[in-house]
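Engineer: Give me a model of this one.
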Amino acid sequence: MPRRTVQAGLVVVAVVVALVVVNRGDGSAPPAAAPEWTTWAAEVTGVRPGADPASVLIDVSIPDCGGEPRVEMLTEENDTVYANVVVSGPGTCTGQKTAEVVLRTPGPLGTRPLMLNTMDVWGLSGGAYARCDEQLGCVPPADHCAEAWIDKTVYGMDVPIKRLHGVRDVRGCDGDWLVLDLNRSAGDCPPAEGAPPCTAGGQTSRVFFEWRDGWTSFAGSQQAGCADAHAVRPQFPAALCAALGAP
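Structural biologist: Numbering: from 1, shown residues only. So this is what the prediction gives:
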């Protein structure tokens with residue numbers, strides 16, 4: 001066989017072998033790359049006392065293709081237990097599923113609050129865990145006139161800033177009824193450095209509340225006395241408003 005013919009035949013064989021390697025002999029494409037592995041913070045939906053004083057059961061909602069949830073970065077500081085609850089899986093999940101994970105500390109938990117995933121704080125009260133309130137804490141004050149209850153009330157109202165102590169003035173409270181003067185302009189125009197503060201104008205208004213598992217407003221007023229409150233709640237105690245001037 002001439003030398004040139006042999007070389008040409010070798011080239012043809014090499015091409016065929018390459019095609020066989022690429023196509024694996026069955027016409028299938030090369031295997032796809034594995035999906036990227038992801039770690040998520042689990043959504044904590046509930047906390048329950050565990051089987052012993054040093055453990056709790058944490059209910060979570062996690063991506064449906066994730067593995068078993070786990071507790072990481074468990075620390076105990078300032079009479080609080082801190083931990084992250086996470087789950088790992090391929091980043092292709094389309095739904096959610098529920099799961100349970102055990103958190104265990106070296107010693108008894110007692111009544112210490114749990115801060116989970118740096119945002120949810122859960123506290124034990126009456127043998128059950130509940131999510132703690134930002135203003136009320138883990139155990140709400142029994143006194144409805146306590147500052148924490150007033151803070152929570154003002155925080156949920158239409159005020160331009162969240163300086164809870166600067167916008168409100170408690171004018172009367174007996175545990176069942178509350179009178180607040182709200183200065184809605186407080187903080188509207190803070191002073192520039194080295195300059196006197198501006199005058200925002202009078203936007204103070206009086207609001208009357210009644211206790212219904214929390215303070216609920218029922219009337220507002222811009223005048224002295226109790227007339228606006230009694231027009232809606234005749235039983236409102238006059239002692240809380242009769243001597244008040246206009247806000």
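Engineer: which residues in this protein form strands?
Structural biologist: Ranges of strands in the chain, per DSSP state E, are 37-41, 43-49, 55-63, 70-77, 80-90, 96-104, 114-116, 120-125, 128-131, 168-173, 177-183, 204-211, 215-221.
Engineer: which one of these lies closest to K152?
Structural biologist: Closest approach to K152 among these is made by strand 215-221 (7.9 Å; Cβ to Cβ). From N, CA and C alone the C-beta is placed, and that goes for glycine too.
Engineer: hang on, the earlier thing: how about the strands of the chain in TSV, adding mean neighbour count?
Structural biologist: Compiled in TSV, these are given as follows (neighbours: other Cβ atoms under 10 Å):
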stretch	mean neighbour count
strand 37-41	14
strand 43-49	15
strand 55-63	20
strand 70-77	12
strand 80-90	18
strand 96-104	15
strand 114-116	21
strand 120-125	17
strand 128-131	15
strand 168-173	17
strand 177-183	21
strand 204-211	19
strand 215-221	16
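Engineer: Any idea which of those strands gets closest to I150?
Structural biologist: strand 168-173 (6.2 Å).
Engineer: who does the closest one pair up with?
Structural biologist: Paired strands of strand 168-173, with direction, are strand 177-183 (antiparallel) (DSSP bridges).
Engineer: Distance of the spatially closest residue to T118 that is not a sequence neighbour relative to D133?
Structural biologist: Among residues not flanking T118 along the chain, N84 sits closest, at 7.4 Å (Cβ to Cβ, 6 or more residues apart in numbering). For N84, the distance to D133 (Cβ to Cβ, to the nearest Å) stands at 22 Å.
Engineer: same thing with R233?
Structural biologist: Counting by Cβ to Cβ, the gap from R233 to D133 is 26 Å.
Engineer: do the same with P247
Structural biologist: P247 is 28 Å from D133, by Cβ to Cβ.
Engineer: Neighbour count: those two, which is higher?
Structural biologist: For the pair P247 and D133, the greater number of neighbours falls to P247 (21 against 14), based on other Cβ atoms under 10 Å.
Engineer: Mind picking out the helix or strand in this protein with the poorest mean pLDDT?
Structural biologist: In the chain, no helix or strand scores lower on mean pLDDT, DSSP states H and E than helix 3-23, which sits at a mean of 38.
Engineer: Relative to G156, which of the strands of the chain is closest?
Structural biologist: For G156, the closest of the strands of the chain is strand 215-221, at 9.2 Å, according to Cβ to Cβ.
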